[in-house]
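> task: produce atomic coordinates for the following.
(one chain, ligands or ions: 1)
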Amino acid sequence: MRRAKPASSASIPSCKSCLVFAPTDHHYSPTLICPPPPSRQPTPRALVNRSSASSGEHPTPRTLYIRGHTLLPPHQQPLLQSSFRLHQCLPQYRASTCVVAALAGSQGMAAAVRCLLTVAVVLSPLLAGGGVAAGGPLSTSFYSKRCPSVQGIVRAGMASAVAAERRMGASILRMFFHDCFVNGCDASILLDDTPTFTGEKNAGPNANSVRGYEVIDAIKAQVEAACNATVSCADILALAARDAVNLLGGPTWTVYLGRRDALTASQSDANANLPGPGSSLATLVAMFGNKGLSPRDMTALSGAHTVGQARCATFRDRIRNDANINATFASLRQQTCPQAGGDGNLAPIDAQTTEAFDNAYYQNLMSRQGLFHSDQELFNGGSQDALVKKYSGNAGMFAADFAKAMARMGAISPLTGTQGEVRLNCRKVN
Ligand code: HEM
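Numbering: from 1, shown residues only. Now for the predicted structure:
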């Protein structure tokens, strides 16, 4: 990992490749932050705090934590420590290689201010978007010449999978979420375990739960037949998730393309980065924040629970021990989800319109019929109540916000350029 350089005005880096954050917390001073190096590092960036430099002390590197674009006050840091990485907030800077420099004296401060102004202009569209850029380094025309048929092939593959089983649309959508939240949208989730490699498929949130791998395999085979060694599995999954939503009656959006496939996967990162069904609102906000997604993005994306099924093991506690639950709904679910056993018994997540992508999920929350504890946390007297209410009465607003949030989620830390590879078989590295 690159470390902060000692203070010196000569060491101030070009602000073309460095970001300057103006923290909202007055305890912190403006700080130059190094974008991550090309290789992925599991630890947060080391930063140098200007205050120690300007006070004449030799500055010591410090590790600070950032949520979205805000430096966190110290008391919030331990909560987020395990999964904080700048590149997850600003994937388009992933390939940058600048180093952190301390700011020394008035010359350093002047440079910092110039940097701040320059970078503010560059970043303002991103900041307005609430975190992750919609496209980042990706583009809408990436395969226009290289593989013009790819979007049609993915759409046809998903249409046939959803026609055969409507739940498959939900399963592919979830697979994309579970890919993007674990080291970015890089198809790491698709790598099979081998005797010498442990990937993400058997992580707690994925094992016996994520489904649809064979659907992606079938689409990939067709894409390979049309355009050999050209389209990444990560892009296929991003397109497939978009088409899944649309085929179930939900919105569509433009998918930015050009992701490349990971050379590895991490079971422990999958266990650490995916929220569980018992999560509190604070945890959900923090875990989505870790990815550069706002609470509004989180509440919109949770609307994916308007489709699909869940296993008894994931909501058993909720239907027995939660107070904020409709009693009739709880006893109905208890009939097929016993106190002991039946872990794999399925129930619809949205019982009203299980196979339609609509806003009924939010109506369920308002009548205390969220299936997961984490779902009901979005309407439990907290910060998301008002938004849930709006979405429940305005399907168009939900659809528009969901599409925007999906585009932002799809831009989390992509591998681009020469990073990673284009896998030939999504289940293994080339
Ligand atoms: C907010 C935090 C979230 C939590 C705690 C959560 C948790 C869960 C759980 C426990 C299940 C059932 C898994 C099983 O029974 O094995 C599930 C299913 C599902 N989740 Fe989420 N989820 C969250 C967010 C999301 C997001 C952001 C999306 C997509 C954008 C999503 C899409 C789905 C879908 C579509 C299903 C049904 C899958 C199927 O039927 O195969 N979830 N989720």
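
> show me what contacts the closest residue to Arg368 other than its chain neighbours?
With sequence-adjacent residues excluded and distances taken as CB to CB, 6 or more residues apart in numbering, Arg368 is closest to Asn326, at 4.4 Å. Bear in mind the C-beta positions are built from the backbone N, C-alpha and C, glycine included. Residues in contact with Asn326 (CB atoms under 8 Å, 6 or more residues apart in numbering) are Ser367, Arg368, Gln369.

> is it true that Thr336 touches Ala310?
No: taking contacts as CB atoms under 8 Å, Thr336 lies outside contact range of Ala310: 11.5 Å.

> give me the common contacts of these two.
Ala347.

> between these two, who's got more neighbours?
Ala310 (20 against 11; other CB atoms under 10 Å).

> list the contacts for the residue lying closest to the more buried one once chain neighbours are set aside?
Using CB to CB, 6+ apart and skipping residues adjacent in sequence, the residue nearest Ala310 is Ile349, 5.3 Å away. Applying CB under 8 Å, 6+ apart, we find Ile349 in contact with His305, Thr306, Val307, Gly308, Gln309, Ala310, Tyr361, Leu371, Phe372, Asp375.

> can you tell me which of these end up in strands?
Gln309, Ala310 (DSSP state E).

> run through the residues of the stretch 151-300 of the chain sitting next to the ligand.
By the rule CB under 6 Å from any ligand atom, the part of the stretch 151-300 of the chain lying against the ligand is 167, 170-171, 173-174, 177, 209, 211, 275-277, 279, 284.

> coming back round to it: which phi and psi does the residue nearest to Arg368 have?
Main-chain dihedrals, Asn326, degrees, to the nearest 10: phi -70, psi 130.

> okay, it: pLDDT?
pLDDT recorded at Asn326 is 98.

> what's the local residue count around Pro195?
5.

> check the one 10 residues further on too.
Pro205 is surrounded by 19 other residues when neighbours are defined as other CB under 10 Å.

> for it, what are its contacts?
His178, Ala270, Asn271, Leu274, Gly276.

> make a ChimeraX selection of the buried ones in the contacts of Asn326.
For the buried members of the contacts of Asn326, the matching ChimeraX selection, counting by 16 or more other CB atoms under 10 Å, is:
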select :368,369
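
> so can I have JSON lines of the contacts of Asn326 showing secondary structure?
Formatted as JSON lines, the contacts of Asn326 follow (DSSP: H, G, I helix; E, B strand; the rest coil):
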{"residue": "Ser367", "secondary structure": "coil"}
{"residue": "Arg368", "secondary structure": "coil"}
{"residue": "Gln369", "secondary structure": "coil"}
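
> can you list the contacts of Asn326 in a markdown table and add distance to the ligand?
Formatted as a markdown table, the contacts of Asn326 follow (distance: CB to the nearest ligand atom, whole Å):
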| residue | distance to the ligand |
| --- | --- |
| Ser367 | 19 |
| Arg368 | 17 |
| Gln369 | 16 |
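
> how close does Ala360 sit to Ala386?
19 Å (CB to CB, to the nearest Å).

> how much space between the residue in the stretch 301-430 of the chain that the ligand sits nearest to and Asp322?
Using CB to the nearest ligand atom, the single residue of the stretch 301-430 of the chain nearest to the ligand is Gly308, 2.4 Å away. Distance of Gly308 to Asp322, given as CB to CB: 21 Å.

> quick one: which of the two has more around it?
For Gly308 versus Asp322, neighbours defined as other CB under 10 Å are more numerous around Gly308 (22 against 17).

> low-scoring stretches of this protein, by residue?
Within the chain, the stretches falling below the threshold (pLDDT under 70) are 1-136.
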